[in-house]
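S.K.: Sequence first, predicted model second:
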Amino acid sequence: MAGLNWLSMAVSLATLITMMSTTSVLGNNNETAAIIFLEDYNQQAMVEYFKSVSASWDYNTNITVYNQEQSVAASLAASNFDNEMRTQALQFDQTGFSDNTKRLLGKLIYIGDAALENQEDLEELTNLLSDMETRYATGKPCKEDGTCYSLEPDLTRIMAESRDYQELYWAWDAWRDEVGAPARQDYVRYVELKNMAAQANDQPDNGAYWRSWYEVDNLEEMTEELYNQLTPLYTNLHAYVRRKLYNVYGSDYINLRGPIPAHILGNMWAQSWLQLLDLCQPFPNKPSVDITPVLIEKGYTPLQMFQVSDEFFASLGLIPMPEEFWNESMLERPSDGRDVVCHASAWDFYNQKDFRIKQCTDITMDDFITVHHEMGHVEYYLQYKDQPVKYRRGANPGFHEAVGDVLALSVSTPAHLKAVGLLDEVEDDEEADLNFLMSMALDKIAFLPFGYLMDRYRWRIFDGTTPESKYNEDWWKLRLQYQGIIPPVTRTEEDFDPAAKFHIPSDVPYIRYFISFVIQFQFHDALCKAAGHVGPLHKCDIYQSREAGTLLSDMLKKGSSEPWPNAMEAITGSREMNATALVTYFQPLIDYLEAENERNGDIAGWPETYTPADPNFGVTVQPSTTAIFLCIFIILARIF
Ligand code: KAW
Ligand code: ZN
């Protein structure tokens, strides 16, 4: 097999050399030569990328100095390969070439960091990225008693389960001291180098380069329009949750007209509030929709969680995970104590057969959803594996993020969970519906402003609007403006809180998740129609629908071979992203939230600026309520 490849490469190389002789000063305009070049590229790229992905996998699943060096070296080798191929691709004068040849050549020309002209800069950036990722992955803040806490699962569990204001504050602050502030100087240099690379890719700055992947020139306006449509959903949920938190923490900590302290929302970044479900269920006497206790009680293992997910994919007629996947994936944190990058990810080794997931799976509902999310990435890989390497991408990055989530929208319905034995008791009435929609909203709606602001923040850093002197200040301005949250303790420019979120030190763009959270409802709506679903959208379960599966797989197979509006049209009939399906899905809950807020006298929103009187707002126990009671007591005692 390998021998045949070499033979065909030699033949095509010879043909290529002959064709090249027709090259004019302006470039080679022979399309057949370009096609042969692209085929050769494809064979070589599979070999080169396999080496670099393998080295990166070894490092990600066993962080050692040696593995880090090997991974950096392999990444540099792949960059040099990309650079060499780019030079060759630039030899072609594309006039008169077919759209497909032009599209493929274009994808060889814009090569990200590898375009850095100076080898020293490339080496510096590659090492910097690796160091930033290592710091985040290995950070473990310690208490004075010497106990140290990993992000997954230790700190994540504290943030999710504790209702102790001070304990939550410790976990929140310690994580930022451990991995946020120390990344600041590295990040400044990272921004410089990334902008240099973007310019070598003909873009003004790295934010513009990231946006160029969407093949539209107005991504900022498009996402802003979507966001504005969704703001009322978020602010109503925010007001409702603020009232519930007030009931727990009281007026010492919660101002019913103000923003919410960032550390009491059940999540390290306040990006999902699902862990507050017990406080927020509209009808607490109805059966809970939280499957975590059932997973634990039934003794589920991480492997079984993945098997349940695989079965759902297969029920749609999609491709089940291959044997290599089950043999080689890392589905839980290794028990031998070695350091690993725990943040979940899905891997394509570019050899058309090796696809893996790396996840430190915890036995929770949250992670059950993440399992489906990661499986969605691998399903995309499997579907487009026969495309040329450069088309082995999502139609746009948001599409890649949406696949598993679309399936999870069906899996999460109480009726489905009951059918597969993950919920014991399920009722089917308006109150049960609202409980379910609340759980979905705490995940999906709570996330929207965070998904939106992460890259709004970085776009401003990359284009220079946010100077280095305001890295942290501008972060918190956006957190207040969009999420309506404030830090539990004064922040300064000594801190660098954005770097306490994986995607910032790991150089992973984030607007893809915001886009995914919108389009997954469009996809869900379309697949539900294909499956013949009738009734409210939030009750739809596409389980076992071959029609839905075919509609989805036909789109996935194309990878990034066509601009995304074509893929969107194929699946939904519309060429646009829009938030209507999301709003329709949540409509009963939106009505409920508005009515509840009105009943409680709560007004959605918070002031544009917010400076708590006490610089240590919320951290030190505020004496106000106690003091008032004491005064009343003393006055009454005096009177009587
Ligand atoms: C989220 C997404 C879905 C469902 C619930 C969610 N809650 C929060 C999010 C957003 C985001 C987060 O945790 O903040 N989710 C993730 O980061 C999941 C991890 C990932 O699957 O998106 C992973 C991130 C990653 C990217 C690059 C290197 C290492 C990790 N992305 C991929 O594995 C991936 C695979 C194929 C194509 C593109 C990305
Ligand atoms: Zn993902």
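M.R.: That came through fine. Residues are numbered from 1 along each chain as shown. Ligands and ions are numbered 1, 2, ... in the order given.

S.K.: Would you pull up the residue in the stretch 301-450 of the chain closest to ligand 1?
M.R.: Ser345 (3.5 Å; C-beta to the nearest ligand atom). The way it works is simple: take the backbone N, C-alpha and C, and place the C-beta from them, glycine included.

S.K.: Kindly state the beta-bridge partners for that residue.
M.R.: On the basis of DSSP bridges, Ser345 is bridged to Lys358.

S.K.: Asn228: how many residues sit nearby?
M.R.: As a burial measure, Asn228 scores 10 neighbours (other C-beta atoms under 10 Å).

S.K.: so the residue of the stretch 301-450 of the chain closest to ligand 1 touches Arg356, yeah?
M.R.: No - in this structure Ser345 lies outside contact range of Arg356 using C-beta atoms under 8 Å: 9.0 Å.

S.K.: which of these two has more neighbours?
M.R.: A direct count of neighbours by other C-beta under 10 Å for Ser345 and Arg356 places Arg356 higher, at 24 against 18.

S.K.: So which other helices or strands are in contact with the one helix or strand the more buried one maps to?
M.R.: For Arg356, the host element (DSSP states H and E) is strand 355-358. Applying 3 or more C-beta pairs under 8 Å, 6 or more residues apart in numbering; DSSP states H and E, one finds that strand 355-358 makes contact with helix 31-60, helix 323-328, strand 345-348, helix 365-383.

S.K.: What pLDDT does the model give the residue lying closest to Val389 once chain neighbours are set aside?
M.R.: The shortest distance from Val389 to any non-neighbouring residue, by C-beta to C-beta, 6 or more residues apart in numbering, is to Ala45 (4.4 Å). pLDDT, Ala45: 98.

S.K.: cool, and Thr611?
M.R.: pLDDT, Thr611: 77.

S.K.: can you confirm it is in a strand?
M.R.: No - under DSSP: H, G, I helix; E, B strand; the rest coil, Thr611 sits outside any strand and is assigned coil.

S.K.: Would you mind getting the angle between the top helix by length along the chain and helix 365-383?
M.R.: Criterion DSSP state H: the longest helix present in the chain is helix 430-462. Angle between the axes of helix 430-462 and helix 365-383 is 70 degrees (criterion: axes from the mean of the first three to the mean of the last three C-alpha atoms, to 10 degrees).

S.K.: Next, the buried residues of helix 430-462.
M.R.: Residues 432-462 are the ones in helix 430-462 that count as buried (16 or more other C-beta atoms under 10 Å).

S.K.: For that helix, name the packing helices and strands.
M.R.: Counting contacts by 3+ C-beta pairs under 8 Å, 6+ apart, helix 430-462 is packed against helix 184-200, helix 206-212, helix 219-249, helix 277-280, helix 471-478, helix 511-530, helix 580-600.

S.K.: To ligand 1, which of those lies closest?
M.R.: Of all these, helix 511-530 comes closest under C-beta to the nearest ligand atom, at 4.3 Å.

S.K.: Just checking the following helix or strand past the closest one against ligand 1, any contact.
M.R.: Per DSSP H and E, the first helix or strand lying C-terminal to helix 511-530 is helix 546-556. No - using C-beta under 6 Å from any ligand atom, helix 546-556 never reaches ligand 1; the gap is at least 12.3 Å.

S.K.: And the average pLDDT for helix 546-556 is what?
M.R.: 98.

S.K.: which residues touch the residue nearest the centre of the chain?
M.R.: Nearest to the mean C-alpha position of the chain, counting by C-alpha atoms, centre = their mean, stands Tyr513 at 4.9 Å. Residues counted as contacts of Tyr513 (C-beta atoms under 8 Å, 6 or more residues apart in numbering) are Gly398, Glu401, Phe447, Gly451.

S.K.: what's the farthest-apart pair in the residues you listed?
M.R.: Gly398 and Phe447 (13.5 Å; C-beta to C-beta).

S.K.: Around ligand 1, which positions in the chain sit nearby?
M.R.: Counting by C-beta under 6 Å from any ligand atom, the chain sits next to ligand 1 at 271-272, 343-346, 369, 373-374, 377, 400-401, 405, 506, 508, 513.

S.K.: low pLDDT regions in the stretch 501-640 of the chain?
M.R.: For the stretch 501-640 of the chain, the stretches with pLDDT under 70 are 612-640.

S.K.: closest to Lys107 among the residues of the chain next to ligand 1?
M.R.: His400 (15.7 Å).

S.K.: wait, doesn't Ser150 sit right on Lys140?
M.R.: Yes - under the criterion of C-beta under 8 Å, Ser150 makes contact with Lys140 at 5.4 Å.

S.K.: Would you mark the buried spots in stretch 475-492?
M.R.: For stretch 475-492, using 16+ other C-beta under 10 Å, the buried residues are 475-480, 482-489, 491.

S.K.: Convert that stretch to PDB, retaining C-alpha atoms only.
M.R.: Output in PDB follows, covering the C-alpha atoms of stretch 475-492 (Å, rounded to 0.1, in the frame of the first residue of the first chain):
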ATOM      1  CA  TRP A 475     -12.000  42.100  30.500                       C
ATOM      2  CA  TRP A 476     -14.200  43.000  33.500                       C
ATOM      3  CA  LYS A 477     -15.900  45.800  31.500                       C
ATOM      4  CA  LEU A 478     -17.200  43.200  29.100                       C
ATOM      5  CA  ARG A 479     -18.000  40.700  31.800                       C
ATOM      6  CA  LEU A 480     -20.200  43.400  33.500                       C
ATOM      7  CA  GLN A 481     -21.700  44.700  30.200                       C
ATOM      8  CA  TYR A 482     -22.700  41.400  28.800                       C
ATOM      9  CA  GLN A 483     -22.900  38.900  31.600                       C
ATOM     10  CA  GLY A 484     -23.900  41.300  34.400                       C
ATOM     11  CA  ILE A 485     -21.300  39.800  36.800                       C
ATOM     12  CA  ILE A 486     -18.600  41.400  38.900                       C
ATOM     13  CA  PRO A 487     -15.400  40.000  40.500                       C
ATOM     14  CA  PRO A 488     -15.800  39.100  44.200                       C
ATOM     15  CA  VAL A 489     -12.700  41.000  45.000                       C
ATOM     16  CA  THR A 490     -10.900  44.100  43.600                       C
ATOM     17  CA  ARG A 491      -9.000  43.300  40.400                       C
ATOM     18  CA  THR A 492      -5.900  45.200  39.200                       C
END
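
S.K.: give me every residue that touches the residue of the stretch 301-450 of the chain closest to ligand 1.
M.R.: Counting by C-beta under 8 Å, 6+ apart, Ser345 makes contact with Asn60, Ile357, Lys358, Gln359, Glu374.

S.K.: Would you mind putting the residues you listed into CSV with pLDDT alongside?
M.R.: Output for the contacts of Ser345, formatted as CSV (pLDDT from 0 to 100):
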residue, pLDDT
Asn60, 98
Ile357, 99
Lys358, 98
Gln359, 98
Glu374, 99
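
S.K.: All set now, cheers.
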